[in-house]
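Engineer: Below are the sequence and a predicted model; questions follow.
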Amino acid sequence: MKKIAIFLIIVTFIGCQKSEEGKMDLVPAAPIAPTELKVTIVSKDQIDLTWKDNSNNETGFKIERKADAGSFIEIASTAADITSYSDKSVTLNTTNIYRVFSFNQVGKSVQNSNEQSIQTNTVPTLTTAPLTDISSTGAKSGGNISSDGGAAVIARGVVWGTSTNPTIALTTKTSDGTGTGSFQSAITGLTVNTRYYVRAYATNSAGTSYGNEVFISAFTFETVTGANGRIWMDRNLGATQVATSSTDVASYGDLYQWGRGPDGHQLRTSATTTARSSTDSPGNNLFITATASSNSLDWRTTPNNNLWQGLNGQNNPCPTGFRIPTEAEWDVERRRWLPANSAGAYASPLKLPLAGSRNTSDGSLDGVGTHGIYWSSSNTGITVTSISFAEKSLNWTGPYRSDAVSCRCIKD
């Protein structure tokens, strides 16, 4: 009995304190830990937490988070009786582990809630496919999704508009299935002589991401009959009208690097980059410069001789049913030009203007109004056989593939 009495006295001493009046007051106890912690991804920037409150004496709750193999740190605290929290400071592509304590003036609960981990995903990674089959009302494009970001791709397609960086908020978009990999899209309902900006998109639980931007100018054109009855476009690619003279600026059109699609690099004012592409679609709208020190005067790191070969050739920039002419097809035409110079090129049914070129070393314009150079599909090593003319000359030339010159399309 003596031992029991002593034990009770000790317990009472620990659990009480003496007030100024000499009375014994109870010391508050630490609160009971919360349970049933749950975490939910709301978006790529937010994770929501909920838990069960098991105490009636807490001042509030402390939320702790650990990222991957790091240490737990307190990220927030709430008031009493609050059983939810939204974490809006998450890091993408990270495993986040959460736990929650209750607390009061004594301190934190001895135990924490159950721990919950959740992986924050990133949005998908993708590129926009080059535009093909361009017409007065539409074109074809698509995309390639190389990574789903850690969550299933639930929607994909292309979106287009008349302002840069179009988003899926627009109604002008396609829906082309789910999942990763390549997909094709049909762009429709375009207005003639209007520029449209196009991007592929992909959506997962983390959000929507977009591929590189390309553009299209829906245009109308007529056809003309050249030598041997061959049908040609009546204007250069990118031109708004048929040439009214050899130096008609509106008839000059765009300047293409050999083998590239209409991804925006062909604009005469497009920005430049020294980063050459390892694929047939660079994924940007930049003019790719190259020098002899690059070991290959090509916009690709390794040449691809199969580009622009025939009607269904990779990156064919011409409208549906048309393609880049061969050296032999140009030869048939140029033999009929009289005189054999720029005047003869303009006097021909094709009415070819002196549209100039862009230099491979820095993208600067050269020979605008004094020289005309037009691509063929016939490649010969690092150069490509092309037709060239000026005031006093008409001959063959061999621009580098990273040069940019005019395109005139022939019907297949």
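Structural biologist: Alright, I've got the coordinates.
Engineer: can I get the CA coordinates of the one helix or strand T78 maps to in PDB?
Structural biologist: According to DSSP states H and E, T78 maps onto strand 73-79. In PDB, the C-alpha atoms belonging to strand 73-79 read as follows (Å, rounded to 0.1, in the frame of the first residue of the first chain):
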ATOM      1  CA  ILE A  73      10.000  20.500 -43.500                       C
ATOM      2  CA  GLU A  74       7.000  22.400 -42.200                       C
ATOM      3  CA  ILE A  75       5.300  24.100 -45.100                       C
ATOM      4  CA  ALA A  76       2.100  25.500 -43.400                       C
ATOM      5  CA  SER A  77      -0.100  25.500 -40.300                       C
ATOM      6  CA  THR A  78      -3.800  25.800 -39.900                       C
ATOM      7  CA  ALA A  79      -6.200  26.900 -37.200                       C
END
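Engineer: What is the subsequent helix or strand relative to that strand?
Structural biologist: Proceeding N to C from strand 73-79, the next assigned helix or strand is strand 84-87, under DSSP H and E.
Engineer: Would you mark the buried spots in that next one?
Structural biologist: For strand 84-87, burial by neighbour count (16 or more other C-beta atoms under 10 Å) applies to 85, 87. C-betas here are computed from N, CA, C, even on glycine.
Engineer: Parallel or antiparallel, list what pairs with it.
Structural biologist: Strand 84-87 pairs in its sheet with strand 46-52 (antiparallel), by DSSP bridges.
Engineer: In the strand it pairs with, which residues are buried?
Structural biologist: 47, 49, 51.
Engineer: Repeat that for stretch 302-322.
Structural biologist: Buried-residue list, stretch 302-322, by 16+ other C-beta under 10 Å: 303-304, 307-309, 313-319, 322.
Engineer: Measure how far it is from the centre of its chain, please.
Structural biologist: 23 Å (C-alpha atoms, centre = their mean, to the nearest Å).
Engineer: give me the low-pLDDT residue ranges for the stretch 1-150 of the chain?
Structural biologist: 1-27 (pLDDT under 70).
Engineer: So which residues of it form helices?
Structural biologist: Taking DSSP state H, counting those that start in this stretch, the helices of the stretch 1-150 of the chain run over residues 2-15.
Engineer: Spatially nearest residue to N54, not counting backbone neighbours?
Structural biologist: Spatially, and ignoring its direct neighbours in sequence, N54 is nearest to I32 (4.6 Å; C-beta to C-beta, 6 or more residues apart in numbering).
Engineer: close enough to count as contact, that neighbour and V106?
Structural biologist: No: counting by C-beta atoms under 8 Å, I32 stays clear of V106, with 12.0 Å between them.
Engineer: Who has more neighbours out of these two?
Structural biologist: Remark: of I32 and V106, I32 carries more neighbours, 16 against 13, as counted by other C-beta atoms under 10 Å.
Engineer: Tell me who's in contact with that one.
Structural biologist: 54-55, 102, 109 (C-beta atoms under 8 Å, 6 or more residues apart in numbering).
Engineer: how about 10 Å then?
Structural biologist: 53-58, 102, 109-111 (C-beta atoms under 10 Å, 6 or more residues apart in numbering).
Engineer: repeat for I75
Structural biologist: By C-beta under 10 Å, 6+ apart, I75 lies in contact with 62-65, 85, 87, 89-90, 96, 98.
Engineer: Equivalent analysis for K351, please.
Structural biologist: Counting by C-beta under 10 Å, 6+ apart, K351 touches 224, 234-236, 242-246, 248, 251, 345, 408.
Engineer: where's it, which helix or strand?
Structural biologist: Per DSSP H and E, there is no helix or strand for K351.
Engineer: Can you get me the start-to-end distance on stretch 374-388?
Structural biologist: 7 Å (C-alpha to C-alpha, to the nearest Å).
Engineer: Check stretch 373-390 too.
Structural biologist: Start-to-end span of stretch 373-390 (C-alpha to C-alpha) is 9 Å.
Engineer: tell me which residues of it are tucked away?
Structural biologist: Buried, per 16+ other C-beta under 10 Å, within stretch 373-390: 373-379, 383-390.
Engineer: Which residues are in contact with the nearest residue to T40 once chain neighbours are set aside?
Structural biologist: Nearest in space to T40, with sequence neighbours left out and distances taken as C-beta to C-beta, 6+ apart, is D48 at 4.9 Å. By C-beta under 10 Å, 6+ apart, D48 lies in contact with 38-42, 84-88.
Engineer: any chance of these in JSON lines, plus distance to G70?
Structural biologist: Listed next are the contacts of D48 as JSON lines, based on distance: C-beta to C-beta, whole Å:
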{"residue": "K38", "distance to G70": "22"}
{"residue": "V39", "distance to G70": "17"}
{"residue": "T40", "distance to G70": "22"}
{"residue": "I41", "distance to G70": "19"}
{"residue": "V42", "distance to G70": "23"}
{"residue": "S84", "distance to G70": "24"}
{"residue": "Y85", "distance to G70": "19"}
{"residue": "S86", "distance to G70": "21"}
{"residue": "D87", "distance to G70": "15"}
{"residue": "K88", "distance to G70": "19"}
